[in-house]
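# Fold the following, please.
(2 chains)
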Amino acid sequence: MKTYTFHVSGTHCASCKIFIEDTLNEQGFIKNARVNLKRETVEIETDSDQAPEILTQILTEKIKSNGYRLSVEKSATEKQSNDVIWKAIPIGLGFLILFFLLQKSGILNLGIGGQTTPVTSFIIGLIASVSSCLAIVGGLVLSLSAKVSQDNVSDTKTFVLFHTGRLVSFAVLGGVLGVVGSAIGINFTFTAILGLLASTVMLLLGLNLVGVFAKNKVALPSEIFNFFRRIEHKTFTPLIIGFATFFLPCGFTQSMQVSALGSGSFISGLLIMLAFALGTLPMLVLLSFGSASFAHGKHAPLFFKSAGVVVIGLGLFALLAGLAGLGIINPLFNI
Amino acid sequence: MNKTVYIIITIALVIGIGIVFLGGSKNNTETGGSVQNVEIRDGVQYVTVNAKGGYSPKVSTAKAGIPTKLIVKTDGTYDCSASLVIRSVGFQKILAQTGEEVIDLGTPKAGQPLQGLCGMGMYNFSVNFN
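Numbers count the residues shown, from 1 in each chain, chains lettered A, B, ... in the order given. Just a heads-up that it's a prediction; the model follows:
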């Protein structure tokens, strides 16, 4: 039995620690693996006779796909990840500029007059999914998807559950609006507070993706990460988040809710909201499954950091807009 | 060396974002001044604001001291500007997609501008009284 201490790169959170320990402990020749987050080392007890260099290679193979790397010497990856962030910032900013230019251009202000039918609400859904609504709903989807992929939770299942939860709750709540004919979920203060909550989550996840927490060692307490990790694995969590997007502040969603209200029956309200949710689906599916495929690809570190920059930008935008909407600060911009 | 290139690109992009945010609103203010959107009929002052993809004109100027009504016009408006909030008169409503909403502002005092926002806070307009 020998004990080695290896340097490990990429451990930026408590859940990484758990993941690495779990993976390493699964290997037959390893008796015990302990990650020290602060020193970025992993201590393993092994009965293998392999040279430490070979061992690090074997073990790196197991955890490489998640962005971790073991080495005998403190590796030069520090420098490399610094370079990644300098690439990621312009990429992220580029996407943000495109997004805001799109809003400014006025292309999205198509006039769709007349009665709201499921067909028009589907088209409005398509428009909404690339509009400023994307700042909140899309940003949230992007940040959660990237985080879920990063933590190696079974992402396909999570995304399918999220989108199903979103479609079903839009349909059912739309139907309820049609029947009840009065305002549920159209309380401005409530949606604004929910929006602030969502933008805070986006900012935290964005900073986490960029790696600010890791760099400055402002790691959130391990209990919080364990809590997140536990709820990430729960089946109902993505369903609930999908449900909650019904109430997120988005002018388009609210207009559709009013149309559903006025529609007068369960079925017509259901169809309007379902068609709207279906319209927003392509973009959101692209965001979630797109981030999953990037996350498992060669450019994963670059993707996570770029996504982080985009999410921070959208989160800040949504936060400032939300505070202005609540009358707490003066509106700073008019996009 | 690469790093320097990326930093330069980053700075350029930050300036770009600044132009998108600040440059645009300046244009709106300029056009706002030229539009005639305030009229007085039968002793009541009507201020008209169009709501679609934002509010126009962004800044209006009206007279203080006479009964005033704000008319917000929507025309196939589905975006955020349909969910209107005017905190100073306690108004919040999601406007009809097409139509006119008449909001009674009472008799405004000089120097107390009225500010309207959309529910998400990304569009706003104001009416100055003097």
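# Quick check: A:E40 vs A:Y68, distance?
Using CB to CB, to the nearest Å, A:E40 is found at 10 Å from A:Y68. Quick note: C-beta positions are derived from backbone N, CA and C, even for glycine.
# okay, these two: which has more neighbours?
More crowded of A:E40 and A:Y68, by other CB atoms under 10 Å in any protein chain shown: A:Y68, with 21 against 18.
# Look up the pLDDT of the more buried one for me, please.
For A:Y68, the pLDDT comes out at 76.
# could you pull out the helices for the stretch 201-335 of chain A?
For the stretch 201-335 of chain A, the helices defined by DSSP state H, counting those that start in this stretch occupy A:212-215, A:222-233, A:236-244, A:251-263, A:266-295, A:300-325.
# which one of the ones you listed lies closest to B:Q112?
helix A:300-325 (18.8 Å; CB to CB).
# Name all residues that make contact with A:V179.
The contact partners of A:V179, by CB atoms under 8 Å, 6 or more residues apart in numbering or on different chains, come to A:S265, A:F266, A:G269.
# Am I right that it sits in a strand?
No. Counting by DSSP: H, G, I helix; E, B strand; the rest coil, A:V179 falls outside a strand, being helix.
# and it, what pLDDT?
pLDDT for A:V179: 82.
# Chain B versus that one, what's the distance?
19 Å (CB to the nearest CB, to the nearest Å).
# Serialize the helices of the stretch 201-335 of chain A to TSV and add fields for distance to chain B and mean pLDDT.
Compiled in TSV, the helices of the stretch 201-335 of chain A are given as follows (distance: least, CB to the nearest CB, whole Å; pLDDT from 0 to 100):
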stretch	distance to chain B	mean pLDDT
helix A:212-215	16	57
helix A:222-233	27	64
helix A:236-244	16	81
helix A:251-263	3	80
helix A:266-295	10	86
helix A:300-325	3	83
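# can I get the ones you listed in JSON lines with mean neighbour count?
Output for these, formatted as JSON lines (neighbours: other CB atoms under 10 Å in any protein chain shown):
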{"stretch": "helix A:212-215", "mean neighbour count": "16"}
{"stretch": "helix A:222-233", "mean neighbour count": "14"}
{"stretch": "helix A:236-244", "mean neighbour count": "18"}
{"stretch": "helix A:251-263", "mean neighbour count": "25"}
{"stretch": "helix A:266-295", "mean neighbour count": "21"}
{"stretch": "helix A:300-325", "mean neighbour count": "24"}
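# Out of those helices, which gets nearest to A:H7?
Closest among the helices of the stretch 201-335 of chain A, using CB to CB: helix A:212-215, at 14.4 Å.
# What separation is there between B:D42 and chain A?
31 Å.
# ok, how many other residues are close to that residue?
Neighbours of B:D42 under the rule other CB under 10 Å: 5.
# residue ranges of the strands in the chain, please?
In the absence of a named chain, chain A is used. Using DSSP state E, the strands found in chain A span residues A:2-9, A:30-36, A:41-46, A:69-71.
# Let me rephrase: I mean chain B.
Applying DSSP E to chain B gives strands spanning B:38-41, B:44-51, B:55-56, B:59-62, B:68-74, B:83-86, B:91-94, B:99-104, B:114-118, B:124-129.
# Serialize those strands to JSON lines and add fields for mean pLDDT, distance to B:G18 and mean neighbour count.
Below are the strands of chain B laid out as JSON lines (pLDDT from 0 to 100; distance: least, CB to CB, whole Å; neighbours: other CB atoms under 10 Å in any protein chain shown):
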{"stretch": "strand B:38-41", "mean pLDDT": "86", "distance to B:G18": "32", "mean neighbour count": "12"}
{"stretch": "strand B:44-51", "mean pLDDT": "90", "distance to B:G18": "27", "mean neighbour count": "19"}
{"stretch": "strand B:55-56", "mean pLDDT": "84", "distance to B:G18": "22", "mean neighbour count": "22"}
{"stretch": "strand B:59-62", "mean pLDDT": "88", "distance to B:G18": "21", "mean neighbour count": "20"}
{"stretch": "strand B:68-74", "mean pLDDT": "90", "distance to B:G18": "30", "mean neighbour count": "20"}
{"stretch": "strand B:83-86", "mean pLDDT": "85", "distance to B:G18": "27", "mean neighbour count": "25"}
{"stretch": "strand B:91-94", "mean pLDDT": "82", "distance to B:G18": "31", "mean neighbour count": "17"}
{"stretch": "strand B:99-104", "mean pLDDT": "89", "distance to B:G18": "34", "mean neighbour count": "13"}
{"stretch": "strand B:114-118", "mean pLDDT": "85", "distance to B:G18": "22", "mean neighbour count": "24"}
{"stretch": "strand B:124-129", "mean pLDDT": "88", "distance to B:G18": "19", "mean neighbour count": "22"}
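# Out of these, the one nearest B:V20 is which?
strand B:124-129 (16.7 Å).
# Who are the packing partners of the closest one?
When contacts are defined as 3 or more CB pairs under 8 Å, 6 or more residues apart in numbering or on different chains; DSSP states H and E, strand B:124-129 packs onto strand B:44-51, strand B:55-56, strand B:59-62, strand B:114-118.
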